[in-house]
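> return a 3D structure for these sequence lines:
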Amino acid sequence: MNTNILLESGTNELELLEFQVGDSNFGINISKVVEIMINQEVTPVPNSPDEVEGVFIPRDKLISVIDLHKVVNTPHTKTGKEIFIICEFNRMHVAFHVSKVKGIQRISWSDISDPPSVANGNGTDAVGLATGVAKVNDRIIIIMDFEKIVSTLNKDAGLDVNGLDKLSRPSATVGNKHIVVADDSKFLNKMITDSLSSIGFHNIISFSNGQDAWDYVESFRDKGDNINSHIACVISDIEMPKMDGHRLTKLIKDDKILRKIPVLLFSSLINEQMIAKGKSVGADGQFSKPQIKELISYLTQILS
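Below is the predicted model of the structure:
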């Protein structure tokens, strides 16, 4: 899909594809979108969850279709004019069946707020699946946790923790070093911190957005040359409310004291373009979800 996606790095902006499911407005980062098409005939898959409508094969690629109407418990009448949004993230392709697409909104991550605490439930309704809320032209747009949706329906789509217990465990000194994690998905944030804890890292603090992570890191600036004994590494997602991972990385690396802190980007959006952006803002490493073993191996290496 050709878009005017920003080529600059660290601007803290994104292009958001706005769409409707029923009468509600939702959004997805255009960087995840491969193609938009009128809904196609799909083949049901036996014993699949109700939310999985089936599979279809556009251009010789088998793609699963998730009906977002069922995910958010919104009744709808099929008109034949509904839309499939085909996405690529976490090294997989998936199509989301929505009512209609409204357009592309260019906004700042600072205009996206954390969902209210009541929205962080464990259900599969729209509110419980929100990672952020944006107000655009007097409309409320809910940013959905698409990784959680897919992982809930397909456990293999979550972080790949198979073989994690076979990794070399860090020494006691390395395991006690202070690590900062920033990821807006409550689901993946916990999986990352749990994975780090299971391998032997015990001093971890996590945040749900880049702004809070930056405020925390910045508070240690007065430690000077001793900064790494207070913050040994920052692990950050790219997509986050208030401040994205590229902007967070740039702020850290532009600071003469904080730049000594290694920053590792861990995102479902890692591709050639995103790798170039990450390098331009000074990221010390970039890893694609769900490959957390590679991230932890590299983390252990650089901290040792």
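> list the contacts for the closest residue in space to residue 49 that isn't next to it in sequence?
Distance criterion CB to CB, 6 or more residues apart in numbering; nearest residue to residue 49, sequence neighbours excluded, is residue 153 at 5.1 Å. Placement of C-beta: from N, CA and C, glycine included. For residue 153, the contact set (CB atoms under 8 Å, 6 or more residues apart in numbering) comprises 49, 51-52, 66.
> buried subset of the residues you listed as a ChimeraX selection?
Buried members of these, identified by 16 or more other CB atoms under 10 Å, are gathered into one ChimeraX selection as follows:
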select :51,52,66
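> of all the contacts of residue 153, which two lie farthest apart?
Largest separation among the contacts of residue 153 by CB to CB: 49 and 66, giving 8.9 Å.
> hang on, residue 54 packs against residue 39?
No: contact criterion CB atoms under 8 Å: residue 54 and residue 39 do not qualify, at 11.2 Å.
> the residue nearest to residue 31 when sequence neighbours are not counted sits in which helix or strand?
Once flanking residues are discounted, residue 31 sits nearest to residue 269: 5.3 Å by CB to CB, 6+ apart. Under DSSP states H and E, no helix or strand contains residue 269.
> need the contact list for residue 269.
Taking CB under 8 Å, 6+ apart, one finds 29, 31-32, 89, 238-239 in contact with residue 269.
> quick one, phi/psi of residue 169?
Per-residue torsions, residue 169: phi -80, psi 140 (degrees, to the nearest 10).
> from memory it sits against residue 199, does it?
Yes: counting by CB under 8 Å, residue 199 is a contact partner of residue 169 at 6.0 Å.
> quick check, central residue of this protein?
residue 239 (5.2 Å; CA atoms, centre = their mean).
> hmm, it is touching residue 245, no?
Yes: when contacts are counted by CB under 8 Å, residue 239 is listed as touching residue 245 (7.5 Å).
> how about residue 55, what does it touch?
For residue 55, the contact set (CB under 8 Å, 6+ apart) comprises 42-43, 45, 62-65.
> what about the strands in the stretch 151-300 of the chain?
Along the stretch 151-300 of the chain, counting by DSSP state E, counting those that start in this stretch, strands occupy 178-182, 203-207, 233-236, 263-267, 285-288.
> do the same with the stretch 1-150 of the chain
13-21, 24-29, 33-38, 52-56, 63-67, 83-89, 92-98, 100-108, 112-113, 130-136, 139-144.
> who touches the shortest one?
Residues outside strand 112-113 that contact it (CB under 8 Å, 6+ apart): 132-134, 143, 241-242.
> likewise for the last one?
By CB under 8 Å, 6+ apart, the surrounding residues in contact with strand 139-144 are 16, 18, 24-28, 68, 105, 112, 115, 126-127, 129-135, 241.
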